[in-house]
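Peer 1: Next come a sequence and a model predicted from it.
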Amino acid sequence: MTLPPFSAAQVERLRFSYFVLIPNSQEFAEKFYARLFSAHPETRGLFGEDMKSQYQKLMDMFTVLIESLDQAHLVVNDLGALKKRHVEYGARPEHYDWVEEALLETLKEYLPQWESDDLLDLWKQLLSRISELMKAEE
C-alpha cells in the first residue's frame, strides 16, 4: 500500500498549509482532541491523563508525515510502526475513521483563508489513505 501519488506542487501546498499550523500547533491539537472526545467519548480512555505529551506526539507525527511526502515508502514504514503501537493501545478500525473526520474538521479552521476547497481535498486524500493504511490487515 502507498500514499496517493501527489505531484510536487501538491506536496508543496500540503507542506505550506501544514507549516501555517505550526505556530498554533498546541491549540490545533487541543481542538482536535476536544472534537474527537466530544463526538466519540469512548476514545478518551485510550489516552493517558497527560494530554500535553499526546498533543506533541500528534504534531510530531504530522511533521514527519509532511516532511516525508515525497518519500512515500518512509511514510508507509512509519505508519506500520505506529499501527502496531495503536493496536497495543486498543485502537479499533473505526477509530481511524473518527480521527480522520475530527482532523479534517479541525483543519478547516486553520487552512489559509485564501485557499480553495482543493487544498482541503488534498488533505482528505492524504488522511483517508493514512486511515486505510492503519486499518489494513497485515
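Peer 2: Cool, the structure landed.
Peer 1: What helices and strands are in contact with the strand or helix carrying residue 95?
Peer 2: Secondary structure assignment for residue 95, by DSSP states H and E: helix 93-110. Counting by 3 or more CB pairs under 8 Å, 6 or more residues apart in numbering; DSSP states H and E, the packing neighbours recorded for helix 93-110 are helix 25-39, helix 117-135. No exception for glycine: its C-beta is placed from N, CA and C like everyone else's.
Peer 1: where in the protein is pLDDT low?
Peer 2: 1-4, 72-78, 80-81, 83-84, 87, 112-115, 137-138 (pLDDT under 70).
Peer 1: what number of residues lie near residue 89?
Peer 2: Neighbour count of residue 89, defined by other CB atoms under 10 Å: 11.
Peer 1: OK, contacts around the nearest residue in space to it that is not next to it in sequence?
Peer 2: In space, not counting the residues next to it along the chain, residue 89 is nearest to residue 46; the distance is 5.6 Å by CB to CB, 6 or more residues apart in numbering. Going by CB atoms under 8 Å, 6 or more residues apart in numbering, residue 46 touches 89-91, 95.
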